[in-house]
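Trainee: Show me the folded form of this:
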Amino acid sequence: MKKIILLLILINCQVYSQTNKFSGTWGSQKCKDCKKEYFFTITIAQSNYMISGTAQVTSEHKELNSEVLDVTGYVYPLGDRAQIKLIDKGGSGSSAFLMIEDGVIQFTKRGGSDLVPKDLILKKLYE
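Mentor: Predicted structure coming up:
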């Protein structure tokens, strides 16, 4: 009986760790009344505790546009926070912290070059 209970506990832990909350395409919405003049999209795939994908900033103003950025990172053990690194083709990069809650991601830039905005709320665009 003890072996069966232990097996069930291990299966439950494994199933909980397999939820990939960060997978999908996320983006910031353009708002009409604010001064935000860019659209940030990030497409990430999560496999257990690893994250990989791409990101891009698009705008009508050419100086705000970015090329496609490579995204790599890891998810913290409880699965609701992640640390990512965004790197462009030239090698410059920046790091960011992601926190997911109620179906939205809070994106906070931690440091590095000015490739991406500092703080954003991202909503899921696609699965």
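
Trainee: which intervals of the chain have sub-threshold pLDDT?
Mentor: Applying pLDDT under 70 to the chain picks out residues 2-3, 6-8, 10-19, 29-36.

Trainee: now the helices: where do they sit in this protein?
Mentor: 2-17 (DSSP state H).

Trainee: looking at it, which residue lies furthest from center?
Mentor: What lies farthest from the middle of the chain is residue 1; by CA atoms, centre = their mean that is 41.9 Å.

Trainee: Name the residues of stretch 95-105 that are buried.
Mentor: 96, 98, 100, 105 (16 or more other CB atoms under 10 Å). C-beta coordinates here come from the backbone N, C-alpha and C atoms, glycine included.

Trainee: biggest separation within those residues, which pair?
Mentor: 96 and 100 (13.1 Å; CB to CB).

Trainee: Beta-bridge partners for the nearest residue to residue 123 once chain neighbours are set aside, please?
Mentor: Nearest-residue entry for residue 123: residue 104, 5.6 Å, with adjacent residues in sequence omitted and distances by CB to CB, 6 or more residues apart in numbering. For residue 104, the beta-bridge partners are residue 101, residue 123 (DSSP bridges).

Trainee: can you offset everything so residue one is 6?
Mentor: With the count now opening at 6, the last piece we talked about shows up as residue 109.

Trainee: shouldn't residue 109 be in contact with residue 103?
Mentor: No: at 10.6 Å, residue 109 does not count as touching residue 103 under the criterion of CB atoms under 8 Å.
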